[in-house]
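**Q** sequence and predicted model, in that order:
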Amino acid sequence: MEGILNTLTNFISADFRTAVPLLLCALGLVFSERAGIVNIAAEGLMLIAAVSAAIGSAYLGPWGGALLAGVSGLAGALIFAFFTITLRANQIVVGTAFNIFAAGLSVTLNRRFLSGMTVTGYSLRPIPGLSQLPILGDLLFNWQLLVYLTFLAVPLLQFMLYRSNLGLKIRATGEQPRACDSVGIKVNRVRTGVVLFSGILAGLAGSYVSLGQASTFIEGMVAGKGFMALAVCVFGNYTPIGALGAALLFGAADALKYRLLTTALGSYYQFLNMLPYAITVVSLMFLSRHSNKPAASGKPYIKE
Amino acid sequence: MQHATEQATAAVPALQMKQITKRFGHFTALNQVDLSVNTGEVHALLGENGAGKSTLMNCLFGLYGQYDGTIYWEGAPVKITDTQTAIRLGIGMVHQHFMLIPVMSVIENVVLGMADNHCVLDLKAAARRFTQLSQTYHLALDPWVKVEQLSVGQQQRLEILKALYRHARLLILDEPTAVLTPEEVEGLFDIVARLKAEGHTVIFISHKLNEVMKICDRCTILRNGTVAATLKISQIRDRKMLARLMVGDETDLDLHESACSVGSQALLEVKQLSCRGDYGQLSCKKLSFAIRPGEILGICGVDGNGQRELVECLTGLRQAETGQYLVRGRDLLNCGARQLLKCGVSHIPEDRLKYGLASGMNLEENLILADYPTPAFARWGWLRSGRIRRHAQTLCQRYRVRFNSLKQPAAELSGGNQQKLVAARELDRQPELLIAVHPSRGLDVGAARFVQNAILTMKQKGTAILYIAGELDEVLEMSDRILVMYEGQFIGQQTRAEYDRTQIGLMMAGTPLS
């Protein structure tokens, strides 16, 4: 009995650990997608943020790491927004270029600033009282600050997207920018705003990869998590709550992989490594219900 | 207090636009246009396609940001550089293509972008206000349904209510009747009358003279970006005069009909054709008819009685269930569109943007859409650009398509010019059978006559023509013979000599002649 329970809690906490960066990044992507911007640069943003976080932490401590990650995400998003919104360049092309650029930059930064440095990770902050609860305490109330914030952000952002004036504007901008223009909404201002927001969240998500899941930076450690976050966003049907479900599912796939690696199936580890990605592809295939995909997704807005 | 200001404003015009000039690059769309609209009147803005009606109104609504000239609003000069300013002043606009978001609810569309929204939206309170407002104007609309579930007429009402909800005192209706069925048009006229009664000012953009004569007080006529005249409707005795002012002296406004020999053998024969509509209902029920070369057969009927499905069967866009479709004796039933094109069937479709043009492609490409694989335009799979360009030049000249460059996408043309482009391509193919659906939809008087005359020329050359249009007058004018369609069946037939509007009207409503 104890053994099963242990396995289960281990499994769930592994799930959470994988899900957090995906979810955090996806929350930002939900907003930018809803405003009509496919921020495919998320991968690169996370990668640069991961190395920035490690650098910040090495020189200034974990808080400095978080700050630097957020700032780097913001700066990257600013570049992306300038090209895609101001210059109306193709979002996929700019995003891909940015990702390639980020892969190189992160390596350079790592070798220049991190060789021989010790990186301190985010520390666990057990919630007094609640973390003493049997089983649940350790599972839910013994995490880093960023994890609590991520999960708390879900209902908050859901409410904002569907009930607030700003949320309505954002959704409308992605559907029919011209209609927004006709009622006096500054389309490109809204879009720039959400891209910057998604940049900050992608930055924090990146910082969790280097400071939360590990306490170090390894080159290429983001390993497609930005793209996974895009898939989470789509699979979550472009809503924060949906993204939560999707991120937990993908996290579970990842946790399952690690669990299976220790069993007799472990010798097929190449196939097991594919598992989260295979689940992503298959789950997207079955996504046929009413989609919230914005009508003007990926299209630059050209004012007459 | 309120009354005092209202009386003061009655003395000065609600809106004056003086010396408005708007250029796009080297093209002058508006040249020193003056417009004065009195409080509480319905003022028509008349003009051909591309005369500058919409441009002038877009300036007024702040959609362009920049213009030369001055706008006086209730006597005071204002600078309208964005839509927010226009809305704050009390100007509302119902665009020709609705500015609505289909996946959102009615009430979300209404409150979208309003300056006095709170951070957290109170949609329930907004819905209460909206319902109250819609009751005042007798425009019942459920605030909670999604816009995509509304009919076109309801969407237009929503646009009007959206403007009223923002306290608009001047409403600009940009070609509001273009998308409506005749019944919906009547409904719209009632709304306009009610708006006027409530003290609102309305600018009514149109090129349909009968509508303008019916509901407007005054009209300003634009031609090529300048004001041709401003008139009181009561002063107008002759509709022809209005048309003349709109199109200028050079344009031909008459139909050129001359006797032409109608062949004796049917060119098109349709026998017992049945097909199903989008929802599986039987929408054409064993239709039989024939058209001889040099004959125009008109089909009358209220929209939605199977005309669209019939045309789609004849043009290869819909599978027929049973029947025969013979062109010169060859059965073409359920052939693909490509095969039909080869057999000399041309089609001016109902919806030019959906079926008539590839709107993102340029004019040259659009003009060869039906014939690109033929040796005239392609050799060994390579397009012959020189020939294609010359072809486009000739056609655009002959059909008077106004364009900036042959390389510009078709979407950039005005609606009327798009229609001319489709007509040019389809008529130039020298078809044996022409299926023309609403060929003059969205065209001004001059351009409509032009297309109709082009069709009559085809008729003289011996083309068999199936003619479907929304307006009965138009069908009767063009056709040698008409069939009345009701609920997927032909309910009656009349030849030109025996046309009787009352009888046709009755048949359209479903009463067969005994």
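**A** Yep, that arrived.
**Q** buried residues of the one helix or strand in chain A whose mean pLDDT sits lowest, list them for me.
**A** Using mean pLDDT, DSSP states H and E, the weakest-scoring helix or strand in chain A turns out to be helix A:269-285, at a mean of 80. Judged by neighbour count (16 or more other CB atoms under 10 Å in any protein chain shown), helix A:269-285 contains these buried residues: A:272, A:276-277, A:279-280, A:283. C-beta coordinates here come from the backbone N, C-alpha and C atoms, glycine included.
**Q** can you narrow those residues to ones near chain B?
**A** When CB under 8 Å from any CB of the partner chain is applied, no member of those is adjacent to chain B.
**Q** and of those, the nearest to residue A:129?
**A** For those, the residue nearest residue A:129 by CB to CB is residue A:276; the value is 35.0 Å.
**Q** got the contact list for that closest one?
**A** A:18, A:228, A:250, A:253-254, A:257 (CB atoms under 8 Å, 6 or more residues apart in numbering or on different chains).
**Q** residue B:15 against residue B:171, yeah?
**A** No. Counting by CB atoms under 8 Å, residue B:15 stays clear of residue B:171, with 11.5 Å between them.
**Q** which parts of chain A are helices?
**A** Ranges of helices in chain A, per DSSP state H, are A:2-34, A:42-60, A:62-81, A:91-113, A:136-140, A:145-163, A:165-175, A:177-182, A:187-207, A:225-235, A:240-261, A:269-285.
**Q** name the helices or strands packed onto the fifth one?
**A** It stands for helix A:136-140. Helix A:136-140 sits against helix A:2-34, with contacts defined as 3 or more CB pairs under 8 Å, 6 or more residues apart in numbering or on different chains; DSSP states H and E.
**Q** for the helix it packs on, name the packing helices and strands.
**A** Under the contact criterion of 3+ CB pairs under 8 Å, 6+ apart, helix A:2-34 touches helix A:42-60, helix A:136-140, helix A:145-163, helix A:165-175, helix A:187-207, helix A:225-235, helix A:240-261.
**Q** tell me which of these approaches residue B:167 most closely.
**A** helix A:165-175 (18.4 Å).
**Q** run the chain-centre distance for that closest one.
**A** Relative to its chain's centre, helix A:165-175 lies at 21 Å (CA atoms, centre = their mean, to the nearest Å).
**Q** one more: stretch A:91-105?
**A** 17 Å.
**Q** next, count neighbours for the closest residue to residue A:7 other than its chain neighbours.
**A** Leaving aside its chain neighbours, residue A:7 sits nearest to residue A:259 (7.9 Å; criterion: CB to CB, 6 or more residues apart in numbering or on different chains). By the criterion of other CB atoms under 10 Å in any protein chain shown, residue A:259 has 16 neighbours.
**Q** which element is residue B:346 on?
**A** Assigned by DSSP states H and E, residue B:346 belongs to strand B:345-348.
**Q** what does chain B put close to chain A?
**A** Counting by CB under 8 Å from any CB, chain B sits next to chain A at B:58, B:61, B:63-64, B:82-84, B:87, B:93, B:95, B:99-104, B:108, B:111-115, B:117-121, B:162.
**Q** just the buried positions in stretch A:158-167, please.
**A** For stretch A:158-167, by 16+ other CB under 10 Å, it's A:158, A:160-161, A:164-167.
**Q** for stretch B:315-330, output the C-alpha coordinates as PDB.
**A** Extracted in PDB, the C-alpha atoms of stretch B:315-330 (Å, rounded to 0.1, in the frame of the first residue of the first chain):
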ATOM      1  CA  THR B 315     -21.900  24.700 -63.100                       C
ATOM      2  CA  GLY B 316     -20.500  21.500 -61.600                       C
ATOM      3  CA  LEU B 317     -20.400  22.700 -58.100                       C
ATOM      4  CA  ARG B 318     -23.100  20.400 -56.800                       C
ATOM      5  CA  GLN B 319     -24.000  16.800 -57.500                       C
ATOM      6  CA  ALA B 320     -27.500  16.300 -59.000                       C
ATOM      7  CA  GLU B 321     -29.400  13.300 -57.900                       C
ATOM      8  CA  THR B 322     -31.300  12.500 -61.100                       C
ATOM      9  CA  GLY B 323     -32.000  14.100 -64.400                       C
ATOM     10  CA  GLN B 324     -30.300  15.100 -67.600                       C
ATOM     11  CA  TYR B 325     -28.300  18.200 -68.500                       C
ATOM     12  CA  LEU B 326     -27.800  18.400 -72.200                       C
ATOM     13  CA  VAL B 327     -25.700  21.000 -74.000                       C
ATOM     14  CA  ARG B 328     -25.900  20.600 -77.700                       C
ATOM     15  CA  GLY B 329     -27.100  17.000 -77.000                       C
ATOM     16  CA  ARG B 330     -24.100  16.100 -74.800                       C
END
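**Q** gap between it and the chain center?
**A** Using CA atoms, centre = their mean, the offset of stretch B:315-330 from its chain centre is 29 Å.
**Q** same check, this time on stretch A:7-26
**A** 12 Å.
**Q** avg pLDDT for that stretch?
**A** Averaged across stretch A:7-26, the pLDDT comes to 92.
**Q** which positions in the stretch 151-300 of chain A make contact with chain B?
**A** Taking CB under 8 Å from any CB as the contact definition, the stretch 151-300 of chain A meets chain B at A:163-166, A:168-169, A:171-172, A:175-176, A:178-185, A:292, A:295.
**Q** closest residue of the stretch 1-150 of chain A to chain B?
**A** residue A:34 (11.4 Å; CB to the nearest CB).
**Q** the closest residue in space to that residue that isn't next to it in sequence: neighbour count?
**A** Among residues not flanking residue A:34 along the chain, residue A:174 sits closest, at 4.9 Å (CB to CB, 6+ apart). Close neighbours of residue A:174, defined as other CB under 10 Å, add up to 29.
**Q** same question for residue A:102.
**A** 25.
**Q** for residue A:149, same thing?
**A** Using other CB under 10 Å, residue A:149 has 14 neighbouring residues.
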